[in-house]
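>>> Model the structure of this input:
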Amino acid sequence: MTDGHRNGFTLRAGMRRGFRSEVPLPTRLVSNEEFPPLPQTPAQRAVEHRILADAQRLAPRLGLSRRSFLRTTGGMATSLLAMNAVYGPFFDVLSVEAADPAAFQERTGAPVFIFDVQLHYVGAGYDPHDEEASRKGAVSKPGLLGLRKSARRLNPKLASDRGTMADLSWANMVKEVFLDSETAMGLISTPPGPYPQEAVVPPREMTHIRDEINRVTQSRRMLAHGLITPQLGQADLDFMDQQAATLKVDAWKGYTGAAPKGFDRGWFVDDEKIAYPMLERARKLGVKRVCLHKGLPLGPVADYNHPRDVIKAARDFPDIDFLLYHAGLLGVSAAKPSGEVPWTTEFCQMKKKEPGLRNIYMELGSTFGQLVTTNPTACAHLLGQVVEAFGADHVLWGTDSIWYGTPQWQIEAFRRFEIPQALLDAHSYAPLTRAVKEQIFGANAARVFGVDVNARRNDIPQDYLSRMKMAYLDEGATPSHRWYGWITG
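Have a look, this model is predicted:
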């Protein structure tokens, strides 16, 4: 039974948006609103049951309830251990870490700079059973209002700023992304709409959220996308001019599979008639970072989402950086036991024939989060292949949060993720060392977006957001364990 449509996929009976869980990572596939979610697999169900059973056994020893235990580092260690038990040894985690926070911290190592290049916004008033309130951005959690109160207290210049309900609606993003995770910087994005001005979060709102967060924190914590829709021709070029001049966008986001209202198909980035005027305008405007949704097909024709067209465009525009969101992944269920990851594997093979191309970056939003919790073997293949084809310095960290809740569970999972030795030997993949992960976590994006990582590390502890986070942690962190996307069941 079909209930309707949502951003390119069909809503069916049994789908629902958003849920809470005791466990600190999702044990079912969560949709970022660009593809239909799949039902929970038997393996995911086994992971969930094991996490809950182990937490029930360990929590009383630490004087905690099961729910409280699962909000600690012990809960994360327990979750990764359960994943190893069900899927095999993909995570570098020891049993002692589940019961000893000091052991977990010691094995975590020194902090790293984390720059998430794919963040999404859901209003603080979001309620999975009240989408009207969500659309209006109403604030229904009084506790989150304390974020602005804290900001005013720490920054006297904001004392007279009362703001609006819309201004406050980014508070949930601040909490989930910056207070409940190690993320230092982020780039806000949006799913498409019938017109760019009618996207889920239009460019004007994305840049407003960016500016509001940066204003309150007195630090450059957030960047924002503008939108490109080259099928619209001159109207798209005019809108690009406006976004660059007025909104000061940091990069462009394009959905090659999406068809704006009045069009029945997507576009290819190597189309010299449709796309090249847009790329030439990006060059002229000096905003030369073009982020493209590639993989996770959406729109009426799936093939427009294939990444193959980026090769020629990157060759013809060597001064533009092309960031491929989702790393070209066709879909979680498409991965094959042979190690082939449809679309991504093919594109990696194409890139290896073009070793001189150094302006294509593979981004991991949704791709890592989905694969690592459903098929870690395919996740290992994909990471091994993109590092081999593009280089560890051309892979970007993105989480597609907050559709998947706080990014912290993905950060912990990636920090501990390893390609098993058997796969390293069989496919000659490079191991995911700490140095490689530091590049992916933030150093690569910092280079692309002109961020001084060392200066940022020295500067961030002095900003208001860090001081707010210190106060939040002192009072006792309360991660929501809430997932905001669509699920089945």
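
>>> what's Asn305 in contact with, if anything?
By CB atoms under 8 Å, 6 or more residues apart in numbering, the contact list for Asn305 reads Thr256, Gly257, Gly266, His293, Lys294, Gly295, Leu296, Pro297, Leu298, Gly299. (C-beta placed from N, C-alpha, C; glycine too.)

>>> now do 7 Å
Thr256, Gly257, His293, Lys294, Gly295, Pro297, Leu298 (CB atoms under 7 Å, 6 or more residues apart in numbering).

>>> Can you get me a residue count around Leu473?
11 (other CB atoms under 10 Å).

>>> Look up the closest residue to the residue of the chain most remote from its centre, ignoring the ones flanking it.
Centroid-distance maximum for the chain: Arg61 at 35.4 Å, with CA atoms, centre = their mean. Leaving out its chain neighbours, the residue that sits closest to Arg61 by CB to CB, 6 or more residues apart in numbering is Ala99, at 6.8 Å.

>>> Neighbours of that neighbour, how many?
15.

>>> Kindly report the same for Phe91.
22.

>>> what's near enough to touch it?
Leu80, Met83, Asn84, Arg416, Phe417, Glu418.

>>> Give me the buried subset of those.
For the contacts of Phe91, a burial check counting by 16 or more other CB atoms under 10 Å picks out Leu80, Met83, Asn84, Arg416, Phe417, Glu418.

>>> Let me see the residues that make contact with stretch 253-267.
189, 192, 194-195, 225, 227-232, 268-269, 274-275, 290-293, 297-302, 304-305.

>>> redo that, cut-off 8 Å
By CB under 8 Å, 6+ apart, stretch 253-267 touches 8, 189-190, 192, 194-196, 225-232, 268-269, 274-275, 278, 290-294, 297-302, 304-305, 309, 325.

>>> ok, back up a step: could you list which of the buried ones among the contacts of Phe91 belong to helices?
Leu80, Met83, Asn84, Arg416 (DSSP state H).

>>> about what we covered before: pick the one among the contacts of Asn305 closest to Gly339.
Gly295 (17.2 Å; CB to CB).

>>> wait, what's in contact with the closest one?
305, 307, 324-331, 343-344, 367.

>>> per-residue confidence at it?
We have a pLDDT of 97 for Gly295.

>>> For the helix ranked longest in the chain, name the packing helices and strands.
Among the segments of the chain that qualify as a helix by DSSP H, the longest is helix 42-58. Applying 3 or more CB pairs under 8 Å, 6 or more residues apart in numbering; DSSP states H and E, one finds that helix 42-58 contacts helix 66-69, helix 73-87, helix 96-99, helix 367-374.

>>> Could you check that helix and say which residues are buried?
Ala43, Gln44, Val47, Glu48, Arg50, Ile51, Leu52, Asp54, Ala55, Leu58.

>>> Please apply the same query to stretch 463-482.
Quick answer for stretch 463-482 (16+ other CB under 10 Å): Asp463, Tyr464, Leu465, Ser466, Arg467, Met468, Lys469, Tyr472, Pro479, Ser480, His481, Arg482.

>>> again with stretch 211-231
212-214, 216-231.

>>> Then stretch 82-90?
Under 16+ other CB under 10 Å, the buried positions of stretch 82-90 are Ala82, Met83, Asn84, Val86, Tyr87, Phe90.

>>> one step back: adding distance to Lys248 and pLDDT, write the buried ones among the contacts of Phe91 out as JSON lines.
Putting these into JSON lines (distance: CB to CB, whole Å; pLDDT from 0 to 100) gives the following:
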{"residue": "Leu80", "distance to Lys248": "40", "pLDDT": "98"}
{"residue": "Met83", "distance to Lys248": "42", "pLDDT": "98"}
{"residue": "Asn84", "distance to Lys248": "46", "pLDDT": "98"}
{"residue": "Arg416", "distance to Lys248": "38", "pLDDT": "98"}
{"residue": "Phe417", "distance to Lys248": "36", "pLDDT": "98"}
{"residue": "Glu418", "distance to Lys248": "41", "pLDDT": "98"}
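
>>> And His208, how close does it get to Thr190?
12 Å (CB to CB, to the nearest Å).

>>> quick one: which of these two has more around it?
Between His208 and Thr190, Thr190 has the larger neighbour count (other CB under 10 Å), namely 20 against 17.

>>> Beyond the host helix or strand of Glu205, next helix or strand please.
In the assignment (DSSP states H and E), Glu205 maps to helix 203-217. Helices and strands here follow DSSP H and E; after helix 203-217, the next one along the chain is strand 222-228.

>>> strands paired with that following strand, and their directions?
Strand 222-228 has the following strand partners under DSSP bridges: strand 185-188 (parallel), strand 251-255 (parallel).

>>> Check the offset of that strand from the chain's centre.
Its chain's average C-alpha position is 14 Å from that of strand 222-228, according to CA atoms, centre = their mean, to the nearest Å.

>>> quick one: it to helix 203-217, angle?
170 degrees (axes from the mean of the first three to the mean of the last three CA atoms, to 10 degrees).

>>> model confidence over strand 222-228, on average?
On average, strand 222-228 scores 97.

>>> which outside residues touch the helix or strand just after it?
Proceeding N to C from strand 222-228, the next assigned helix or strand is helix 234-242, under DSSP H and E. Under the criterion CB under 8 Å, 6+ apart, residues 196-197, 226-230, 232, 252, 277-278, 281-282, 285 lie in contact with helix 234-242.

>>> quick one: buried residues of helix 234-242?
Applying 16+ other CB under 10 Å to helix 234-242 flags Asp236, Leu237, Phe239, Met240 as buried.

>>> In PDB, list the C-alpha atoms belonging to it.
Written as PDB, here are the backbone C-alpha positions of helix 234-242 (Å, rounded to 0.1, in the frame of the first residue of the first chain):
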ATOM      1  CA  GLN A 234      19.800  31.300 -16.800                       C
ATOM      2  CA  ALA A 235      17.600  31.200 -13.800                       C
ATOM      3  CA  ASP A 236      20.100  28.900 -12.100                       C
ATOM      4  CA  LEU A 237      23.000  31.100 -13.000                       C
ATOM      5  CA  ASP A 238      21.200  34.200 -11.700                       C
ATOM      6  CA  PHE A 239      20.400  32.300  -8.400                       C
ATOM      7  CA  MET A 240      24.100  31.300  -8.100                       C
ATOM      8  CA  ASP A 241      25.000  35.000  -8.400                       C
ATOM      9  CA  GLN A 242      22.600  35.900  -5.600                       C
END
